[in-house]
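Q: Give me a model of this one.
(chains A and B)
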Amino acid sequence: MGRSIKISKGLDIPLQGSARKEVSPLDASVYGVNPTDFTGVFPKLLVKEGDKVKAGTALFYDKYNERIRFTAPVSGTIRAIVRGRKRVIEEIIIDADDRREYEDFPHGDPPGLSRDKIVETLLASGLWPSLLRRPFEVIARPEDKPKSIFISAFDSHPLAPDLDLAMEGREKEFQTGINALSKLTSGTIHLNLRAGKPHAKAFENAKNVQINTFKGPHPAGNPGVQINKLDPVNKDQVVWHVNAQHVADMGRLFQTGHYQPEKIVALTGSEIKDPRYLKITAGACMEPMLKDNLKNDNVRIISGNPLTGSTAHAKGFVGFYHHQLTVIPQGDHYEFMGWAAPGLNKYSTSRTFFSWLFPGRRYRLDTNYNGGPRALVMTGQYERVFPMDIYPMQLLKAVIIEDIEEMEKLGIYEVGPEDFALCEFVDTSKTEIQHIIRTGLEVTRKELM
Amino acid sequence: MKALRNYVDKIKPHFEKGGRFEKLHSTFDAFETFLFVPNKVTRRGSHIRDAIDMKRTMSVVVLAMIPALLFGVWNVGYQHYNALGEIPHFWDIVAYGLMKVLPIIVVSYVTGLAIEFAFAQVRGHEVNEGFLVSGMLIPLVLPPDIPLWMVAAATAFAVILGKEVFGGTGMNILNPALTARAFLFFAYPAHFSGDQVWIAGKADTYSGATPLANAASGEMEAIPDFWDMFFGFIPGSIGETSTLAIMLGAAVLLATGVGSARIMFTALLGGYLMGLLFNLWGANEYMMIPAHQHLVMGGFAFGVVYMATDPVTATQTNKGKIIYGFLIGLLAMLIRVFNPAYPEGIMLAILFMNVMAPLIDYYVVRANVKYRLKRAQAQTT
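A: This is a model prediction of the structure:
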């Protein structure tokens, strides 16, 4: 039986620029893959500029786990391989063909396939990286035996898309995807819905899963929180989680044998003229989405949501794990005595700015830090937005001093950086908490994996 | 503002590395960020940030102390003229109060900030705003007639040995303002006890005893009326006398969420329950003082609202805060009633609990660790 969980700690940041619920298809002519989307992966290229690829052709693999392949989302020609500092590969750019060609992968109805076959197909097609594991919040390992798999059917981040819209017409694919996943775990597949609203048929009628409901503010939609509430990760245990749209892609893969990653992306943020939903093929270039759609030039373009997304540029590509594009104003301006102003138009969870007198207002937040970095002075702030049974400040301090044993005791296995995004947002000391937590996860992972 | 900004931008290079005034970088930075919220944008992690910063937080605390300060200024003047047996015009009272209190504030801030700026520069940090609060707290917990050199000595002691040796703001174990007061209390006891120090420039014949001193010496009939003590028309440290003014400050701290409600209310509860317990026991006259009266006497309210809630030296966990606050209230009363050598218990109670706070947190956090281990065992078996 599914469970209903209510979360009281958390925060829904009231931002301007949510997408109107209308999906329009968008065909891009340029696509790209950012190897930097994949934490802990050391990319080894399999293609070079000028090569012809099909959708599903491997572009690179992970040096530390050669079975995990990363593939082209569309067929076309490799236009460029862009490297950044220290020759890190940042983008692999593909000029798309007019006609899509696909690599053929062995397929079939998942119940009739063995676990190994399913794993092989997912690895070869490039869909494997969509499976993430706790502990460590990195790509799952094929040899892991997860005790359960979590699918969050809603995203609670600020301005996040309504994933119900993504499931229209994909009911069968979604169910096939679940059937494939159920071969990968001996435990339960949890499908978590937001309580108190009607859902897409794909979610409501899903079989082979335990359907749970979550109520409350962000981070109720974070898989980390859902895992913590339903089936917490203990030492030596592994739980996987995967995005609902990727599950549908898996279903399509097993139905057709093609890697044809389709997703809806919400175009959001206060600086977007027409915030709406787009249906794209994964890895699409943002240029056509943003063209003539920005209110001004001095903006931050984010692939993903404003709390956890990554900074992108106007000709960048939608990230592998992202289903949202956010454009907010850049905050590179000085403000005279800003800390002393009454602050009627400033958003704060503390009530030190008078804006708290106007609930229900939506804000146009920019990228300014709103202060300088300080020692950790205030206490009790993180706890108000952190719904897990973990002490966030104490865990953070254990990470800062790199005390692995203490991190383990305080629950490092259960968290991912995104679970700390709200702590980072509310922090008076302007500490880079997500970065610190990621460092702690990597230190522990290297020690243990 | 544009002109000011341009000027700041123009002189800025001199304070950067390699500039002429490189050694004053932290000082420049402190003034620059005081004038302008910096233009720094997020680089990684969350792209958006809450509007709150340390300056805002600390200025709210300073704001919360203003009622106690203003009343203190008036009361210093009032007690002085009252002791002389003449009550002049309101503004004369305030003028006398200002003459006594302002120098103390100036000395406290100048000494403390000079040390803070120097340490920030040596460490290559930005100047922390914590001392804006400590620098105001120190004068408020001192007697009005204190020699200024003592203020400077105590402030320097508190900032250097109470705070900087531990690593600066956020790392200290003891509340800096209370460290300053404790330093003076033990180093110069003559200036901190008896009935000679609590009224500035009083006539020799007039008794200047605080209500706590009255109680400790068994002069129960000399203890002023509850409402006099509540409003604060009594001798005492500059900022501690008016419970009403302190309640205004508490309201600001609680409304903005800057002060911990958990600590304030549990400390109040702890003090009140201990007072009730004394009433039931009733072994001597001091124990018979009504519990509610205890709450308006001496520095109890001031300590609970402004000192116990200092987030750096208090417990950090929410459960810990409840234990911490409660014990502060309880111990303050216990010391006050049982130990005649220390008529004011709240200072020692808070300092003692400052030291105990990490221990409380330790056990609260260990309980969480144990729970996680248990959960793991339950799942594997």
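Q: need the contact list for the residue in the stretch 151-300 of chain A that chain B sits nearest to.
A: The minimum distance from the stretch 151-300 of chain A to chain B, using C-beta to the nearest C-beta, falls at A:N234 (3.6 Å). Yep, even glycine has a C-beta here, placed from its N, CA and C like the rest. For A:N234, the contacting residues are A:413, B:372, B:375-376, B:379-380, by C-beta atoms under 8 Å, 6 or more residues apart in numbering or on different chains.
Q: right, quick check: stretch A:5-14 against chain B, any contact?
A: Yes - Stretch A:5-14 lies within reach of chain B by C-beta under 8 Å from any C-beta of the partner chain, at A:I13.
Q: gap between the two ends of that stretch?
A: Stretch A:5-14 has an end-to-end distance of 23 Å (C-alpha to C-alpha, to the nearest Å).
Q: what's the offset of that stretch from the middle of its chain?
A: Taking C-alpha atoms, centre = their mean, to the nearest Å, one finds stretch A:5-14 lying 18 Å from the centre of the chain it belongs to.
Q: What lies in contact with that stretch?
A: The contact list for stretch A:5-14 (C-beta under 8 Å, 6+ apart) reads A:156, A:158, A:195, A:212-220, A:225-226, A:229-230, A:306-307, A:347, A:349, A:360-363, A:365, A:383-387, A:422, A:425-426, B:48.
Q: Geometric centre of the chain: which residue is closest?
A: I went with chain A, as the question did not name one. A:Y321 (4.4 Å; C-alpha atoms, centre = their mean).
Q: looking at chain B here, not the other one
A: Centroid-nearest residue in chain B, with C-alpha atoms, centre = their mean: B:M307, separated by 4.0 Å.
Q: hey, where'd the strands end up in the stretch 101-250 of chain A?
A: Counting by DSSP state E, counting those that start in this stretch, one finds strands in the stretch 101-250 of chain A at the ranges A:132-134, A:138-139, A:148-152, A:188-194, A:210-215, A:239-243.
Q: Export stretch B:263-279 to CSV, keeping only CA atoms.
A: Provided in CSV are the C-alpha atoms of stretch B:263-279 (Å, rounded to 0.1, in the frame of the first residue of the first chain):
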residue,chain,number,x,y,z
ILE,B,263,15.8,30.0,24.4
MET,B,264,13.9,33.1,25.6
PHE,B,265,10.8,31.3,26.6
THR,B,266,12.4,28.3,28.2
ALA,B,267,14.8,30.6,30.2
LEU,B,268,11.8,32.6,31.4
LEU,B,269,10.1,29.4,32.3
GLY,B,270,13.1,28.0,34.1
GLY,B,271,13.5,31.2,36.1
TYR,B,272,9.8,31.3,37.0
LEU,B,273,9.6,27.6,38.0
MET,B,274,12.7,28.0,40.2
GLY,B,275,11.1,31.0,41.8
LEU,B,276,8.0,29.0,42.5
LEU,B,277,10.0,26.2,44.0
PHE,B,278,11.7,28.7,46.3
ASN,B,279,8.3,30.0,47.3
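Q: Please save the CA atoms from stretch A:404-413 in CSV.
A: Provided in CSV are the C-alpha atoms of stretch A:404-413 (Å, rounded to 0.1, in the frame of the first residue of the first chain):
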residue,chain,number,x,y,z
ILE,A,404,34.5,10.9,7.0
GLU,A,405,33.5,8.8,10.0
GLU,A,406,31.5,11.7,11.5
MET,A,407,29.9,12.4,8.1
GLU,A,408,28.8,8.8,7.9
LYS,A,409,27.3,8.9,11.4
LEU,A,410,25.4,12.1,10.6
GLY,A,411,23.8,10.8,7.4
ILE,A,412,26.0,11.8,4.5
TYR,A,413,24.7,8.7,2.6
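Q: In chain A, which residue sits nearest chain B?
A: Of all residues in chain A, the one sitting closest to chain B is A:G371 (2.4 Å; C-beta to the nearest C-beta).
Q: number of nearby residues for whatever residue of the stretch 51-200 of chain B ends up closest to chain A?
A: Relative to chain A, the nearest point of the stretch 51-200 of chain B is B:D53 (2.4 Å; C-beta to the nearest C-beta). B:D53: 27 surrounding residues under other C-beta atoms under 10 Å in any protein chain shown.
Q: A:M167 versus the nearest residue to A:E168 once chain neighbours are set aside, what's the distance?
A: Of all residues not flanking A:E168 in the chain, A:A200 sits nearest, at 6.7 Å (C-beta to C-beta, 6 or more residues apart in numbering or on different chains). As judged by C-beta to C-beta, to the nearest Å, A:A200 and A:M167 stand 4 Å apart.
Q: Over to A:N228?
A: Using C-beta to C-beta, A:N228 is found at 25 Å from A:M167.
Q: and what of A:D403?
A: For A:D403 relative to A:M167 (C-beta to C-beta), the value is 44 Å.
Q: So between these two, which is more surrounded?
A: Neighbour count, other C-beta under 10 Å: between A:D403 and A:M167, A:M167 has more, with 24 against 15.
Q: what sits against that one?
A: Under the criterion of C-beta under 8 Å, 6+ apart, the contact list for A:M167 reads A:174, A:200-203, A:244, A:248.
Q: Among the residues you listed, name the buried ones.
A: A:174, A:200, A:202-203, A:244, A:248 (16 or more other C-beta atoms under 10 Å in any protein chain shown).
Q: and which of the residues you listed is nearest A:V33?
A: A:A248 (19.7 Å; C-beta to C-beta).
Q: The closest one reaches A:R170, doesn't it?
A: Yes - A:A248 is in contact with A:R170 according to C-beta atoms under 8 Å; the separation is 4.4 Å.
Q: Helix or strand: which one has A:K21?
A: Secondary structure assigned from DSSP states H and E places A:K21 in strand A:20-25.
Q: so what does that strand touch, helix or strand wise?
A: Applying 3 or more C-beta pairs under 8 Å, 6 or more residues apart in numbering or on different chains; DSSP states H and E, we find strand A:20-25 packed against strand A:276-281.
Q: May I see the buried residues of whatever helix or strand comes next after the strand it packs on?
A: Going down the chain from strand A:276-281, the next helix or strand is helix A:287-290, by DSSP H and E. For helix A:287-290, a neighbour-count test (16+ other C-beta under 10 Å) marks A:288-290 as buried.
Q: can I get those in CSV with pLDDT and distance to chain B?
A: CSV is the format used below for the buried residues of helix A:287-290 (pLDDT from 0 to 100; distance: C-beta to the nearest C-beta, whole Å):
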residue, pLDDT, distance to chain B
A:P288, 94, 23
A:M289, 94, 18
A:L290, 94, 16
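Q: neighbours around B:Q379, how many?
A: Number of residues near B:Q379 (other C-beta under 10 Å) recorded here: 13.
Q: one step back: in three-state terms, label the residue nearest to the centre of chain A for me.
A: Remark: A:Y321 carries the secondary structure label coil [criterion: DSSP: H, G, I helix; E, B strand; the rest coil].
Q: out of everything not next to it in sequence, what's closest to B:L148?
A: For B:L148, ignoring the flanking residues on the chain, the nearest one in space by C-beta to C-beta, 6+ apart is B:V107 at 5.1 Å.
Q: State the pLDDT value of B:A213.
A: For B:A213, the model assigns a pLDDT of 81.
Q: Surely it and B:E344 touch.
A: No - counting by C-beta under 8 Å, B:A213 sits too far from B:E344 to count as a contact (9.4 Å).
Q: rewinding a little: could you save the strands of the stretch 101-250 of chain A as TSV and add columns showing mean neighbour count and mean pLDDT?
A: Formatted as TSV, those follow (neighbours: other C-beta atoms under 10 Å in any protein chain shown; pLDDT from 0 to 100):
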stretch	mean neighbour count	mean pLDDT
strand A:132-134	22	94
strand A:138-139	20	96
strand A:148-152	24	96
strand A:188-194	24	96
strand A:210-215	19	96
strand A:239-243	25	97
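Q: To B:S237, which of those strands lies closest?
A: Nearest to B:S237, of all the strands of the stretch 101-250 of chain A, is strand A:210-215, at 50.4 Å by C-beta to C-beta.
Q: Tell me the pLDDT of A:E335.
A: pLDDT at A:E335 comes out at 84.
Q: Around chain B, which positions in the stretch 151-300 of chain A sit nearby?
A: Within the stretch 151-300 of chain A, the positions lying close to chain B (C-beta under 8 Å from any C-beta) are A:232, A:234-235, A:237, A:300.
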